[in-house]
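[1] Sharing a model prediction with you, sequence too.
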Amino acid sequence: MNIPKINLSNNTPYSIDRIEIAKLFALLGQLERRLQGKEIDIYFVDDEEMRKLNKRYLGRDSATDILTFPNSFSEAPGLGELVIDLETIKKKGLKEEQLELTKLFIHGLLHLLGYDHINTKERKKMTTQEKELLAKVKLREQQDG
């Protein structure tokens, strides 16, 4: 199988588990065929950087947990970029940071695959797909663990 290739960049003082992220993306590649053989760039940033990006690209002067930038070239191997605010996740004090990251990865990947939540119909479709993928990830992790 041709698993997704991920390029990680961590521009925060927080540590990330690159092995767990790679495992998750390999699993997502098994579950979602459209990810196979694709390349995804992931950038972890802090609140300040995320606020700047959100303002620059979406006109919103606030931090958000994730931004996605799909690749506009259909022939390119890269699906696009995920920018994740790791500081926001850490501030939430989540006991299950990995679960939160998994949810954000799934949400961002679905955006890169063309899903959106700009209206009720699209939101419902995307939310259903998110829940299905998350349930499959959890099931697979239970079977492997």
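    Thanks, I have it.

[2] which parts of stretch 3-21 are buried?
    For stretch 3-21, a neighbour-count test (16 or more other C-beta atoms under 10 Å) marks 3-4, 6, 12, 16, 21 as buried. Glycine gets a C-beta too; all of them are placed from N, C-alpha and C.

[3] from those, which is closest to residue 52?
    residue 12 (14.0 Å; C-beta to C-beta).

[4] Need the three-state assignment for that closest one.
    coil (DSSP: H, G, I helix; E, B strand; the rest coil).

[5] Closest to the centroid, which residue in the chain?
    residue 105 (2.3 Å; C-alpha atoms, centre = their mean).

[6] residues touching the residue lying closest to that residue once chain neighbours are set aside, list them.
    Nearest residue to residue 105 in three dimensions, chain neighbours excluded: residue 24, at 6.4 Å (C-beta to C-beta, 6 or more residues apart in numbering). When contacts are counted by C-beta atoms under 8 Å, 6 or more residues apart in numbering, residue 24 touches 101-102, 105, 137.

[7] Farthest pair within the buried residues of stretch 3-21?
    Spanning the widest gap among the buried residues of stretch 3-21 are 3 and 12, at 25.6 Å by C-beta to C-beta.

[8] I'd like to know which of the buried residues of stretch 3-21 are part of helices.
    With DSSP state H as the criterion, helices contain residue 21 from among the buried residues of stretch 3-21.

[9] now the longest helix seen in the chain: mean pLDDT?
    Scanning the chain for the helix with the most residues, using DSSP H, yields helix 120-144. The pLDDT scores in helix 120-144 average 85.

[10] ok now that helix, how far from the chain's centre?
    13 Å (C-alpha atoms, centre = their mean, to the nearest Å).

[11] Name the nearest of the buried residues of stretch 3-21 relative to residue 57.
    Looking across the buried residues of stretch 3-21 and measuring by C-beta to C-beta, the closest to residue 57 is residue 12, at 19.4 Å.
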